[in-house]
Structures are given as C-alpha cells and as structure tokens.
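Chemist: Mind looking at a prediction? Sequence and model below.
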Amino acid sequence: MAEPGQAGCIGVARLGSVHLENGGFSIWLQIRGSSWVEAKEGRFQLQRGEWIALEKDSRPLVQSDRHGLCIGLSLGSDMLRALGRLSDGALYAGRGQLTRHDVLVAFRLWRDAAARMPAADIGQLRPLLLHLIGVQQDLAARVPRCPGRSRTRKRQVFGRLQRARLYLEGNSDRIVRISELAELTSFSSWYFSKTFLSLYDESPQAAAARLRIERAAELLESTSMMIGEVAAACGFDNCCSFARAFRARFGVSASSYRKGVRAAGGFASPPDAANTPIAGRKASLLTGT
C-alpha cells in the first residue's frame, strides 16, 4: 500500500480483511466493533477505541468482525524520514487506548487524507500524523531513558524495545525466550535484558509472566473455557503452576476470580487489591505508559 516515500490509507469493515505485504510502518485504529490483527509480533484483538502500531516488516493481516470498522495508515521509509524533519517527532510500535474525542478526530483526519490519495504528500498528511504522534506522547516520554549519545540513537533503541514488548503481548499464549527477543531487536541477550529492565522497570521474564496471567484473567472474564483450558491457552504446562501464579498475582484462585466476575459484572477486588502493583501495571500496559 505504501511504497518508499509514499503513504496509504486503508479501511477494513464488516468481515473484510487486508494483508499489508509491502513492508510499510503501519498504525491501525479501531473505530467500532473489533478486529483481529496477525503480524510478525503475534496476534492481537483490537476493541473500539484501541490502536496498534507495527514496524515496517510486520506485514499485518487485519480481519474485521461483522460490525467492525478499522482504519489504518501505512507509511514508507521515506515518508517516515520526512515526518522526522517536518515535526521532529516519530511514531513507534506499540498498543494503546484512545479517548472518544481522539477517535473522532483521527477518523475525520483519516478521511481527509484518504480523499487526497494517492497524491497526498507529507504536508497534506501533517494534521493526521501530528495527531497520531500526540496519541503516542506517553510512549515518547520514555525515549530519553534509552541509552545512546544522540536522540536518533535513543529513538532507534526505544523503537526496538517497544517492538519486543509488543511481541511479548502478541505471544502471551506461550513462553517466549530471551533469545527470540534479542534476535527481534538485533541486540545481544545481555544488552537487551539490561536495557529492557532499565526502561520498563521490570525484566523481560517478569513482563512475559505478567502478560500471560493477565491474558488468563481476560479469558476467565470473557469466555466459558475451563480452568485447565485457560492455563494451557496461556502457556502453562499444568494447572498447579498456573494456580500458584494466578493467586500470586491476583490474591485469589482463578475459580474465585471468575465467580466474582459473574456475580458482580466485574471482579470484586480483595482488600487492598487496588493498591497492589498489578492494578497500575495492567492499566499502564494498555495505554503504553
């Protein structure tokens, strides 16, 4: 969709699908309904108001549900460089949530840009691109914490680590090895682990374990799968190890968690649960902070 120096607007609606094969950086916003995204980083479900950004070799396949509308923008490498010169900003791989106002603004700007395709240049796309950069401002705030002597190097390191973090989320159904993440980022295993910890304040192993347990909680809330099936779907070899990990994270058993969801329309947190690290970490993951 986006050749070098060009951009492409993509829309997927009502059981439609699109496969982006040309290697452009892409960002997708769910306007209504839901969509599934399969990419090199894994498999993700987008709900209304959520966004996901993917690197240029991710080659995502986006599939909308019967009520869904997902809009995307694909950017060639030359367009990304022009963006940096024009606004001194950058877009990064990641995932997050938009406010209703941001969704409406993004949709309006996307339609304006789509109407100018394929002749749109960086100047005409600037309003949409600046809006998307603003959506990612919490991510960009972490860039100064990355190693590197120049801002360009810091951004490069941050972009690779963001992709690794997204890879962990997209593969929360299994155990991800450090060697996989190191290869994905083109860092050594030692350098990757050290830099990841300094940037996100948790090790890659801890992040992977947290994401698997949070995925289990989501499955308990949204499906009727048996506890053993949920454990297997989150990469646990046996129910005992899953039960220990779940109780350590949430303070209750998986069955009690599900009963709380069904009884109250939402889990009734145990005493002081709102003050435990999991509450803040789950929220920060979704917003990308």
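Modeler: Received it, and whenever you're ready, just let me know what you need. Numbers count the residues shown, from 1 in each chain.
Chemist: what's the spacing between the residue nearest in space to the middle of the chain and residue 166?
Modeler: Geometric centre of the chain, nearest residue: residue 95, 2.6 Å, by Cα atoms, centre = their mean. Separation of residue 95 from residue 166 (Cβ to Cβ, to the nearest Å): 6 Å. C-beta: built from backbone N, CA, C; applies to glycine.
Chemist: Isn't residue 105 up against residue 132?
Modeler: No: using Cβ atoms under 8 Å as the test, residue 105 is too far from residue 132 to be in contact (10.3 Å).
Chemist: what's the helix or strand harbouring residue 240 packed up against?
Modeler: Assigning secondary structure by DSSP states H and E places residue 240 in helix 239-250. Packing contacts for helix 239-250, counted by 3 or more Cβ pairs under 8 Å, 6 or more residues apart in numbering; DSSP states H and E, involve helix 204-222, helix 227-233, helix 254-264.
Chemist: shared neighbours, residue 95 and residue 166?
Modeler: Applying Cβ atoms under 8 Å, 6 or more residues apart in numbering, one finds that residue 95 and residue 166 are jointly contacted by residue 52.
Chemist: before we move on, the earlier item: which residue of residue 105 and residue 132 possesses the greater neighbour count?
Modeler: Set residue 105 next to residue 132 and count neighbours by other Cβ atoms under 10 Å: residue 132 wins out with 23 against 17.
Chemist: Tell me who's in contact with residue 51.
Modeler: Taking Cβ under 8 Å, 6+ apart, one finds 27, 28, 29, 30, 95, 96, 97, 98, 135 in contact with residue 51.
Chemist: In stretch 209-226, which residues are buried?
Modeler: 209, 210, 211, 212, 213, 214, 215, 216, 217, 219, 220 (16 or more other Cβ atoms under 10 Å).
Chemist: Return the distance of the third one relative to residue 84.
Modeler: Spatial separation of residue 211 from residue 84 under the definition Cβ to Cβ is 31 Å.
Chemist: Over to the fifth one?
Modeler: Residue 213 is 38 Å from residue 84, where distance means Cβ to Cβ.
Chemist: what's the spacing between stretch 183-202 and its chain's center?
Modeler: 18 Å (Cα atoms, centre = their mean, to the nearest Å).
Chemist: Actually, stretch 195-206.
Modeler: Counting by Cα atoms, centre = their mean, stretch 195-206 comes out at 17 Å from the chain centroid.
Chemist: just stretch 254-266 next, same as before
Modeler: 26 Å.
Chemist: same question, stretch 243-257
Modeler: Using Cα atoms, centre = their mean, the offset of stretch 243-257 from its chain centre is 25 Å.
Chemist: low pLDDT regions in the stretch 101-250 of the chain?
Modeler: Where the stretch 101-250 of the chain drops to pLDDT under 70, the residues are 119-120.
Chemist: Would you state the helices of it in chain order?
Modeler: Using DSSP state H, counting those that start in this stretch, the helices of the stretch 101-250 of the chain run over 122-135, 137-140, 151-170, 178-185, 189-200, 204-222, 227-233, 239-250.
Chemist: so who does residue 70 touch?
Modeler: 11, 12, 13, 28, 29, 30, 31, 35, 46, 62, 64.
Chemist: what would those residues look like in JSON lines with distance to residue 116 and secondary structure?
Modeler: JSON lines is the format used below for the contacts of residue 70 (distance: Cβ to Cβ, whole Å; DSSP: H, G, I helix; E, B strand; the rest coil):
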{"residue": "11", "distance to residue 116": "15", "secondary structure": "strand"}
{"residue": "12", "distance to residue 116": "20", "secondary structure": "strand"}
{"residue": "13", "distance to residue 116": "20", "secondary structure": "strand"}
{"residue": "28", "distance to residue 116": "20", "secondary structure": "strand"}
{"residue": "29", "distance to residue 116": "18", "secondary structure": "strand"}
{"residue": "30", "distance to residue 116": "23", "secondary structure": "strand"}
{"residue": "31", "distance to residue 116": "20", "secondary structure": "strand"}
{"residue": "35", "distance to residue 116": "25", "secondary structure": "strand"}
{"residue": "46", "distance to residue 116": "25", "secondary structure": "strand"}
{"residue": "62", "distance to residue 116": "22", "secondary structure": "strand"}
{"residue": "64", "distance to residue 116": "24", "secondary structure": "strand"}
